[in-house]
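1. quick one, what's the 3D model for this:
(2 chains)
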Number of protein chains: 2
Amino acid sequence: MDPLDAAMNKCGADAFVHYATGEDADMRYLTRFVMHDPFVFFKRRRQPGTIIVPQMEAERASRESIAAVMTRTQAGLPGITKKEKNPWTAAAQMITGQTGKTLLVSPTLPAALMRALEESARVVVDAGTIEQVRAKKMPEEIRLIQAVQKKTERAMALGISLIRNATVRKGVLYHDGAPLTSELVRTEVHKQLMDDGCRAVETIISCGEDTAFPHIIGSGPLKPHAPIVIDMFPHDEATGYYADMTRTVSKGKPGPQITEMFEAVREAQQIGISHIKAGVLGADAHNAVVDHFKSRGYESDTRGFIHNLGHGVGLQVHELPTVGPVGGVLEAGFIVTVEPGLYYPGVGGVRLEDLGAVRAKHFADFTKFEEKMVV
Amino acid sequence: MDPLDAAMNKCGADAFVHYATGEDADMRYLTRFVMHDPFVFFKRRRQPGTIIVPQMEAERASRESIAAVMTRTQAGLPGITKKEKNPWTAAAQMITGQTGKTLLVSPTLPAALMRALEESARVVVDAGTIEQVRAKKMPEEIRLIQAVQKKTERAMALGISLIRNATVRKGVLYHDGAPLTSELVRTEVHKQLMDDGCRAVETIISCGEDTAFPHIIGSGPLKPHAPIVIDMFPHDEATGYYADMTRTVSKGKPGPQITEMFEAVREAQQIGISHIKAGVLGADAHNAVVDHFKSRGYESDTRGFIHNLGHGVGLQVHELPTVGPVGGVLEAGFIVTVEPGLYYPGVGGVRLEDLGAVRAKHFADFTKFEEKMVV
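-> Below is the predicted model of the structure:
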């Protein structure tokens, strides 16, 4: 049975309702339609989904969306707004005019719309049916993610080649006579991704002590003999699917602490990968890596390994499942990252991240990119 | 008084709560912090705002956010999750532990979090205080938007020059020996914006009959003697502020219907601009343009002028105020577009869009780019 129908049956709802922009991953999954202003999706029990869009979007929506399309005018909004000036109440009246009086709503439905719906309907908040459905990818989705991963590796190769081919002068990398900055590498990588139909935001190109903070994106000239973390998570503009990968490199040998951290992280990744298959708890894979780091003398609290081993990737760069201390059972068809890292303020950080699919008996690693620190 | 404090006073709330990613415009405005996973913002009455972030984001947040920073651990989450497995309930307990028992929440707070907060607090949904505050820009914000507008005009110049310099063969534009496509112009324009530190998505480069649908982004080879609508709305990556502009051009003279539509739209824009100043209703400016189009024989329903005359621009490309049939009083410091258009399926469309500030006695047009159809 359709998972939304099952959720509706369970609570006796007449329809499921979501309200978001097309950038919202659930909305994109349900509609395959991208609109930058929020719009309504509803699905009556045992019926296909419908979106309600402005007149000016109706033609494009009919061409692009997998949901049926209704204009706001067809849904009666002009008549409603003559009497009802509060836009949330008006939207709620428009929705209940189409759906019935017991509604299952998305957990991320705006609070103001829920309050307005509650004026005339019984509202049950869904526990995250679509988010859970999205975790398990269909073969077509897996192909789309693999395609993005390939383009991401091309971009990674470009980024690393800029570092490898740089010259070193007074402790700074140079490219074409100017300092090679984090910003320059980021821009070049983003442009190549753009040529490949992909879009990346805030690609991390951090260097030196900044690498001790996993989400500092980096700025200024890159330096030799220091870790450079390159973490990219682009998505295909046409489909919305993401990839995610990280490599840590150094132009010239880094200090011994970083070299040791790199080795420990590389081993940790192999350990993580070896634990991942259908039926295993995400928590077990994570804890195996924590144990490994501990055996090597590294912490896993506010320093050392300070984040989850991995996460799902799909229409969001971070989605279900969790591969961390509270991670549940992994299922075949989940797409996850395996990304151990070590972070020591004052020293630096190392992270290696691959992306792949959970299979019945193993982790199918989609990432075919070498892990070599010194370039 | 701080507008959030005023809203809290009105309903007796102890604190205001928001929960969103840093891409959410209200969240970015309140915190100036961008994080791709959702996080909590709270502000107790008469106190500065605080964000609650994961440990791994704490250092970056302290550097970048204007809000005070607390980690989830400091907010007690680890202890809570030992007993409470539902993540929304756990988040709600973490929040109420910091705030008190009467809460004003953002209208876009996720429904699931609101339900969880309601288990232990009285929850009032805010009417949109931050969205309203954001409409009126501070001088610094206006400078940031003008800077993006300038870069947008450079990108528009590049896009139009590709069309102007194209050669025509068998009814198709050519560039460097290959057909000049919508995709190619879009990519070139996006790359230049990237060099300027800006990011654009789904820039519209539509041609011919596609231009009759204002939000079809366009694809395939561009043609001569036909309208080409170029609508770009990039934002500065560092600040998050948007610009928005549209020009319609044709390589070689288009048909007489399009030429007449272009003239009518150009006049409409002047009429719209002449009506905009502080104290005027957005609806009045819109209706003046509708009247103009009607006097020229054009409709304003499902064909003709089918959208609002304009909208606010800031941390969102579409934000308050509305300059359309329900538009309220315009205030000095509002930043709005003026973008009349005409759309006839089977014929095509024309749109011209400028961006500027509402001032006491006039509309300060930030857009300094010529409006010339034939290139």
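2. need the pLDDT of the residue lying farthest from the centre of chain A.
-> In chain A, the residue that sits farthest from the middle, by CA atoms, centre = their mean, is A:K83; the gap is 41.8 Å. pLDDT for A:K83: 94.
3. in whichever helix or strand A:E188 is part of, what's buried?
-> Using DSSP states H and E, A:E188 sits in helix A:182-195. By 16 or more other CB atoms under 10 Å in any protein chain shown, the buried positions in helix A:182-195 come out as A:S182, A:L184, A:V185, A:R186, A:T187, A:E188, A:V189, A:H190, A:K191, A:Q192, A:L193, A:M194. Using the backbone N, CA and C atoms, a C-beta is placed for each residue, glycine as well.
4. equivalent analysis for stretch A:133-141, please.
-> In terms of neighbour count (16+ other CB under 10 Å), stretch A:133-141 has its buried residues at A:R134, A:A135, A:K136, A:K137, A:E141.
5. now, those residues that are in helices?
-> Among the buried residues of stretch A:133-141, the members falling in helices (DSSP state H) are A:R134, A:A135, A:E141.
6. need these in TSV (columns: distance to chain B).
-> Conversion of these to TSV gives the following (distance: CB to the nearest CB, whole Å):
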residue	distance to chain B
A:R134	16
A:A135	15
A:E141	21
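7. tell me the contacts of the residue in the stretch 151-300 of chain A positioned nearest to chain B?
-> Nearest residue of the stretch 151-300 of chain A to chain B: A:F213, at 4.7 Å (CB to the nearest CB). Residues in contact with A:F213 (CB atoms under 8 Å, 6 or more residues apart in numbering or on different chains) are A:S206, A:Y343, A:P345, A:G349, B:M56, B:E59, B:R60.
8. now that we have these, which of them are buried?
-> Among the contacts of A:F213, those buried by neighbour count (16+ other CB under 10 Å) are A:S206, A:Y343, A:G349, B:M56, B:E59, B:R60.
9. pick the one among those residues closest to A:I160.
-> A:S206 (14.3 Å; CB to CB).
10. what residues does the stretch 201-350 of chain A put near chain B?
-> A:201-202, A:213-216, A:237, A:302, A:306-307, A:317-318, A:326, A:343, A:345 (CB under 8 Å from any CB of the partner chain).
11. next one: the stretch 1-150 of chain A
-> Counting by CB under 8 Å from any CB, the stretch 1-150 of chain A sits next to chain B at A:34-37, A:54-57, A:59-60, A:63, A:81, A:88, A:105-115, A:123, A:125, A:128.
12. one step back: now distance to chain B and pLDDT too, for the buried residues of helix A:182-195, in TSV please.
-> Below are the buried residues of helix A:182-195 laid out as TSV (distance: CB to the nearest CB, whole Å; pLDDT from 0 to 100):
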residue	distance to chain B	pLDDT
A:S182	13	98
A:L184	10	95
A:V185	13	97
A:R186	9	96
A:T187	6	93
A:E188	10	95
A:V189	10	97
A:H190	6	95
A:K191	5	93
A:Q192	10	95
A:L193	10	96
A:M194	6	93
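13. quick one: list the elements packing against the strand or helix carrying A:A58.
-> Following DSSP H and E, one finds A:A58 within helix A:55-64. Counting contacts by 3 or more CB pairs under 8 Å, 6 or more residues apart in numbering or on different chains; DSSP states H and E, helix A:55-64 is packed against strand A:68-71.
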